[in-house]
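Asks: Take this sequence and fold it.
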Amino acid sequence: MQTRKKYLFLTFLASWLLLFFFGREQLRRFTFFPRRNVAVRRSWPRWADRTLLHSFAEPWELQGSTDTAQPSPRARRAAQLSTSQGSRCRMESCFDASRCQNGFKVFTYPREHGEPMSESYSKILSSIERSRYYTPRPEEACLFVLSIDTLDRDPLSAHYVRGVEQRIRSFPLWNSGRNHLIFNLYAGTWPNYTEELGFDIGHAMLAKASFHSKNFRPGFDVSIPLFPREHPQRGGQRGWLHHNSVPPKKKYLLVFKGKRYLTGIGSGTRNALHHIHNGQDIVSLTTCRHGKDWERHKDTRCDQDNVDYEKFDYQELLHNSTFCIVPRGRRLGSFRFLEALQAACIPVLLSDGWELPFSEAIDWGKAAVVGSERLLLQIPSAVRCIRPERVLAFQQQTQFLWDAYFSSVDKIVHTTLEIIRDRLLPHRSRSHFLWNTLPGGLLALPDFSTHLGDFPFYYLQHGSGPSDKFTALLRAAPPLGSLSQPTLRLIQAVSRSQYCAQILVLWSCEKPLPPSGTWPQTAVPLTIIQGRTKLSDRFFPYAAIGTDAVLSLDEHSSLSTSEVDFAFVVWRSFPERIVGFSAWSHFWDPEQKRWGYTSRWTNKLSIVLTTAAFYHRYYHSLFTEYLPTGLRELVDSLAACEDILMNLLVAAVTKLPPIKVTQWKQHKEAASQPVKGTAAGSSRHFSQQQDCLNQLVDWFGSMPLVSSQLRLDPVLFKDQVSVLRKKYRYLEKP
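Replies: Just a heads-up that it's a prediction; the model follows:
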């Protein structure tokens, strides 16, 4: 018992001694220690003798002068970070959602005459003004974009715009930046390249490149990629990975070719890249021959690096490498990121703290390897461990992301706006699956549905299929106001199909509807919709369409019940495509340097006329809501242009050609024979269609149509067997 007390006493004594020696500063906080006068200002030690040590600060600054004209370090940092005022901004606190009750519309400030503007910022404003989001009336706008070029905020740059702070404060709509979106590619300047913009953004949102995660406001700002001045306005080049050239293992495993900074920010990572170069499957080349005074700062490696640098071509390395190193430059982002995506060269990112572009929507873990600048030497072994099937998946995802979101300025701007739009309507926002799976978030409209099973291109992933019935939509515009006998026979033939759920007649004639007694008796419901004379009305998403499949017809179509049944069975196997009967093919005319099309029978097809074709009803919503109003007005002014536009739209979504099915021979002959007395009119219509095709291609930025040599016929079609053994026997005889 005595021994135990002795040990307890010694333990207690040792504890107090340790507390006294190592925690006496904390013990002074207790009442039994005398308190220091906190009001007394503790001065710095007087060791700043300028004769002994050169100081970068004046002695009165170190002694804590009472001169309030000199800001403290904390105040200077707050002034440098122009986003400090809205650093806690969220959509709920800094965005007036009540302005968006009438839809998501964007207003761009009028451009002042003589206003300096870079080519890149002009493209951004053009992307907005030619889109479906744009409104010329500020009272309708949900979001505002300045006409002042804010892309380059480096004071040393020739594109730096001065006096931004005073100018934006004079705008009546500024409202401390609320509901404003500011685009920026370059922030800060030498030597630290901070993210200072040089003006107070207030409560405005930032769409910014090279965003550091500590300055990024999640759910409010948008990180965008750094793109060059030559980046195309719309369309853009396709990725370099093609269907028939998919070797997951290329000549080089890992490559880099670029500048090496000898001093300053960003020099640490690039100076170390030579350590992983082996000259075989890993090529890492740098040059210090850039800038005005590189020779004054060059080190012992510069000369040899410059010699090795010229031995390899940059484009050849991109084409023939599996992985591409994307290190930070002076800023976190670089043009190399988009170049690697387009080349299907998997980016290996070495830029600590970089908030990746569109990270709110894109899962970069499926398309890029995010490394650490401190672990550069581990990168080669890490990429060697990635399995070939995983490499191929990475490459395919780079091509999808490039084509869906990054190949043009239009796509970058529209992705930015759609991300903001999703925040305003979280209950109708896109899921990560929609953003990261073909055809992408821009072409999967949440206004149509947020359920994957409702879209035609997600049936396979969702494990479902389209409904087993179709709705026939017949556009009727008889010049005399009465239905012809061929039109009545067409309605009866379609109604006898075992898959027909209903027939909708879109009456696009200025004359009144025929009496109800003149309409044919059908086995399915027949509904008349009073439409307008516009051709684009046939693709309006009418609420009466209750099936997934739509059979688009016009009054000049001629089909039998067997043809309709077989075409619908084919469409159910390809619900994302257009399946029809009459086909055209497009071609490039090198002499006139424009696109053309032909309706002659050839071994290729790329357009199926929607005057007799099946497609998914989702394309009605995409046609009406995705395409801008100006494009639909163009369609209404040119003959047969709506057929071409719908084919271009579906091809842009699916990257696949339409499907042609068999048709009665007598129908083919009738369709191919010219009508007497209409040569001049046909020539005029043909010329209009050629103009339509080229104007639409110009809007898309590239030719989305895909050619095919496929035609699907029923089993035993034209075979020398008994007709009774054939399922669609009436396809071969009247």
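Asks: Just the terminal-to-terminal distance for stretch 421-435.
Replies: Terminal residues of stretch 421-435 lie 14 Å apart, using Cα to Cα, to the nearest Å.
Asks: which residues of the stretch 451-600 of the chain fall in helices?
Replies: 459-462, 485-495, 561-573 (DSSP state H, counting those that start in this stretch).
Asks: so which of the ones you listed gets nearest residue 550?
Replies: helix 561-573 (9.8 Å; Cβ to Cβ). For the C-beta atoms, the positions are set from N, CA and C on the backbone; glycine is no exception.
Asks: tilt between the closest one and helix 485-495?
Replies: 50 degrees (axes from the mean of the first three to the mean of the last three Cα atoms, to 10 degrees).
Asks: helices and strands around helix 561-573, which ones?
Replies: With contacts taken as 3 or more Cβ pairs under 8 Å, 6 or more residues apart in numbering; DSSP states H and E, helix 561-573 sits against helix 485-495, strand 549-554, strand 579-580, strand 612-616, strand 659-661.
Asks: how much space between residue 341 and residue 158?
Replies: 29 Å (Cβ to Cβ, to the nearest Å).
Asks: the more surrounded of the two?
Replies: residue 341 (29 against 8; other Cβ atoms under 10 Å).
Asks: Grab the nearest non-local neighbour of that one.
Replies: Counting by Cβ to Cβ, 6 or more residues apart in numbering, residue 341 lies nearest to residue 402, which is 4.4 Å off, once chain neighbours are set aside.
Asks: And for residue 311?
Replies: Sequence neighbours aside, residue 285 is the residue nearest to residue 311 in space, at 7.9 Å (criterion: Cβ to Cβ, 6+ apart).
Asks: what helix or strand is the one you found on?
Replies: Using DSSP states H and E, residue 285 sits within strand 282-287.
Asks: Can you tell me what sits against that strand?
Replies: Strand 282-287 is touched from outside by 252-260, 270-271, 273-274, 276-277, 305-306, 308-309, 311-312, 317, 321, 325, 380, with contacts defined as Cβ atoms under 8 Å, 6 or more residues apart in numbering.
Asks: and with 6 Å instead?
Replies: Identification of contacts with strand 282-287 by Cβ atoms under 6 Å, 6 or more residues apart in numbering yields 252-257, 260, 273, 276-277, 305-306, 308-309, 380.
Asks: Weed out the non-buried ones from these.
Replies: Among the contacts of strand 282-287, those buried by neighbour count (16 or more other Cβ atoms under 10 Å) are 252-257, 260, 273, 276-277, 305-306, 308-309, 380.
Asks: Tell me which residues touch residue 252, please.
Replies: Per Cβ under 6 Å, 6+ apart, neighbours of residue 252: 281, 283, 320, 321.
Asks: what do you get for residue 193?
Replies: The contact partners of residue 193, by Cβ under 6 Å, 6+ apart, come to 265, 330, 331.
Asks: Now distance to residue 207, mean neighbour count and mean pLDDT too, for the helices of the stretch 451-600 of the chain, in a markdown table please.
Replies: Formatted as a markdown table, the helices of the stretch 451-600 of the chain follow (distance: least, Cβ to Cβ, whole Å; neighbours: other Cβ atoms under 10 Å; pLDDT from 0 to 100):
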| stretch | distance to residue 207 | mean neighbour count | mean pLDDT |
| --- | --- | --- | --- |
| helix 459-462 | 31 | 14 | 84 |
| helix 485-495 | 50 | 18 | 92 |
| helix 561-573 | 41 | 21 | 94 |
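Asks: May I see those arranged in JSON lines, with distance to residue 654 as well?
Replies: Formatted as JSON lines, the helices of the stretch 451-600 of the chain follow (distance: least, Cβ to Cβ, whole Å):
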{"stretch": "helix 459-462", "distance to residue 654": "13"}
{"stretch": "helix 485-495", "distance to residue 654": "26"}
{"stretch": "helix 561-573", "distance to residue 654": "13"}
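Asks: okay, now residue 155: neighbour count?
Replies: As a burial measure, residue 155 scores 12 neighbours (other Cβ under 10 Å).
Asks: what helix or strand does it sit in?
Replies: Using DSSP H and E, no helix or strand contains residue 155.
Asks: Can you tell me the closest non-neighbouring residue to it?
Replies: residue 189 (5.4 Å).
Asks: Checking that neighbour next. Helix, strand or coil?
Replies: coil (DSSP: H, G, I helix; E, B strand; the rest coil).
Asks: Show the contacting residues for it.
Replies: If you count contacts by Cβ under 6 Å, 6+ apart, then residue 189 has 154, 155, 156 around it.
Asks: Among those residues, which one lies nearest to residue 227?
Replies: Nearest to residue 227 out of these is residue 154 (Cβ to Cβ; 16.5 Å).
Asks: surely that closest one meets residue 185?
Replies: No - the pair residue 154 / residue 185 is not scored as a contact, 9.8 Å apart, by Cβ atoms under 6 Å.
Asks: Just give the closest residue to residue 140, not the sequence neighbours.
Replies: residue 105 (5.2 Å).
Asks: What backbone torsions are found at the one you found?
Replies: Note on residue 105: its backbone torsions stand at phi -120, psi 150 [degrees, to the nearest 10].
Asks: and what of residue 314?
Replies: Backbone torsions of residue 314, given as degrees, to the nearest 10, read phi -60, psi -40.
Asks: Return the distance of it relative to residue 324.
Replies: For residue 314, the distance to residue 324 equals 10 Å [Cβ to Cβ].
Asks: now swap in residue 615 and tell me
Replies: 40 Å.
Asks: ok, what's across the strand from residue 613?
Replies: Assessed by DSSP bridges, residue 613 has beta-bridge partners residue 552, residue 580.
Asks: Next one, pLDDT for it please.
Replies: Confidence at residue 613, expressed as pLDDT, is 97.
Asks: And it, how far from residue 590?
Replies: 31 Å.
Asks: any idea of the pLDDT on the residue lying closest to residue 289 once chain neighbours are set aside?
Replies: Residue nearest to residue 289 in three dimensions, not counting chain neighbours: residue 306, with 5.3 Å by Cβ to Cβ, 6+ apart. pLDDT for residue 306: 84.
Asks: any idea which element residue 306 lies in?
Replies: Element membership for residue 306 (DSSP H and E) is helix 302-309.
Asks: Run through the neighbouring helices and strands of that helix.
Replies: Applying 3 or more Cβ pairs under 6 Å, 6 or more residues apart in numbering; DSSP states H and E, we find helix 302-309 packed against strand 282-287.
Asks: if we can go back for a sec, out of the contacts of strand 282-287, which sit inside helices?
Replies: Taking DSSP state H, the ones among the contacts of strand 282-287 that sit in helices are 305, 306, 308, 309, 380.
Asks: residue contacts, the last one?
Replies: Residues touching residue 380, when contacts are defined by Cβ under 6 Å, 6+ apart, comprise 276, 282.
Asks: Which parts of the stretch 51-200 of the chain are strands?
Replies: Secondary structure of the stretch 51-200 of the chain by DSSP state E, counting those that start in this stretch: the strands cover 106-108, 143-145, 152-153, 180-184, 186-187.
Asks: for the stretch 601-734 of the chain, that is, sorry about that
Replies: So, for the stretch 601-734 of the chain - with DSSP E, counting those that start in this stretch - the strands run 607-608, 612-616, 659-661, 711-712.
Asks: Same list, those, but as CSV with distance to residue 624 please.
Replies: Putting the strands of the stretch 601-734 of the chain into CSV (distance: least, Cβ to Cβ, whole Å) gives the following:
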stretch, distance to residue 624
strand 607-608, 20
strand 612-616, 14
strand 659-661, 24
strand 711-712, 29
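Asks: All the strands of the stretch 401-550 of the chain, in order from the start?
Replies: Taking DSSP E, counting those that start in this stretch as the criterion, the stretch 401-550 of the chain carries its strands at 470-476, 500-507, 526-530, 549-554.
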